[in-house]
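In: just coords:
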């Protein structure tokens with residue numbers, strides 16, 4: 001039996017382009033032409049992308065809630081999708097050096113991104129600070145008992161347990177250790193410290209009521225109603241949070257679009273509202289920015 005050549009309808013479905021060769025014009029039906037015009041119309045908008053990508057983002061635990069907020073705006077603006085993985089900075093760094101397939105790393109320090117640069121694991125020139133963190137003493141358990149917020153003077157005679165993040169893997173834990181050491185409290189607290197794998201876990205220890213007080217990130221307490229004492233910035237090294245694009249990424253342009261978004265004035269204003277000092281002092285509240293700049 002001869003083969004049928006009923007390919008006209010199939011060929012019709014294959015063509016969705018604005019320019020059609022003369023010998024095929026009879027194949028273009030009005031519906032297809034309208035689709036072509038609609039596609040051209042959509043692509044005329046700056047935020048639209050027919051090449052939407054999926055970016056795997058490793059983010060330090062303290063910044064995860066903020067990134068969740070920012071991700072919605074980024075995805076709406078670009079069409080790209082973020083797959084977010086969160087842990088302590090040290091844990092994520094180890095995963096990356098062992099081949100974890102992340103595209104972007106948002107660290108809670110500048111040390112690990114610099115180490116990744118030295119190892120040749122990042123795209124050249126892709127490392128940027130995106131936020132400055134702040135350490136606070138949070139004491140809801142102490143306050144419930146004493147009727148007031150704990151201060152550093154109270155911490156000097158406090159005999160209870162204190163939650164901090166692991167100094168070996170979490171930058172906020174290292175900052176907490178620096179504070180206790182500079183105040184001369186480290187040795188007296190060693191046996192009473194409850195260390196979380198990340199600053200998020202340290203926060204959870206206190207939030208659950210199991211630990212009366214903790215040294216945690218201010219950003220974790222933006223919606224909290226009090227019991228917070230700001231630690232003087234002179235007692236710990238600046239918590240500069242850097243991001244970097246990893247060399248193994250297969251979506252470098254989408255990754256660069258994400259970096260540009262995070263560093264944009266609108267995103268930096270959001271980061272400031274989330275309890276961080278933005279990387280540009282002009283984007284934060286003037287008083288707090290100037291105070292922090294002087295402390296640095």
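Out: Arrived safely. Computed from a predicted model, the values in this text were never measured in an experiment.
In: for the protein, what spans make up the helices?
Out: All helices of the chain, identified by DSSP state H, fall at 8-14, 30-43, 64-78, 89-97, 111-118, 140-146, 152-157, 171-183, 186-189, 199-207, 252-262, 265-273, 286-295.
In: out of those helices, which is closest to residue 231?
Out: helix 171-183 (5.7 Å; C-beta to C-beta). Any C-beta I mention is one placed from the backbone N, CA and C, and that applies to glycine too.
In: from the rest of the structure, what touches the closest one?
Out: With contacts defined as C-beta atoms under 8 Å, 6 or more residues apart in numbering, helix 171-183 is touched by 60, 62, 89, 107-109, 111, 133, 135, 152, 155-156, 164-167, 186, 189, 195-196, 199, 202, 215-217, 231, 235-237, 239, 241.
In: got the angle for that helix vs helix 199-207?
Out: Helix 171-183 runs at 70 degrees relative to helix 199-207, counting by axes from the mean of the first three to the mean of the last three C-alpha atoms, to 10 degrees.
In: mean confidence for helix 171-183?
Out: For helix 171-183, the mean pLDDT works out to 97.
In: buried among the contacts of helix 171-183? Make that a ChimeraX selection.
Out: A single ChimeraX command selects the buried members of the contacts of helix 171-183 (16 or more other C-beta atoms under 10 Å):
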select :60,62,89,107,108,109,111,133,135,155,164,165,166,167,189,195,196,199,202,215,216,217,231,235,236,239,241
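In: residue contacts, the residue nearest to residue 159 when sequence neighbours are not counted?
Out: Counting by C-beta to C-beta, 6 or more residues apart in numbering, residue 159 lies nearest to residue 192, which is 7.8 Å off, once chain neighbours are set aside. Going by C-beta under 8 Å, 6+ apart, residue 192 touches 159, 160, 161, 162.
In: most neighbours, which of the residues you listed?
Out: Counting neighbours by other C-beta atoms under 10 Å, the top entry in the contacts of residue 192 is residue 162, with 26 neighbours.
In: show me what contacts it?
Out: Residue 162 makes contact with 155, 189, 192, 193, 194, 211, 213, 214, 215 under the criterion C-beta under 8 Å, 6+ apart.
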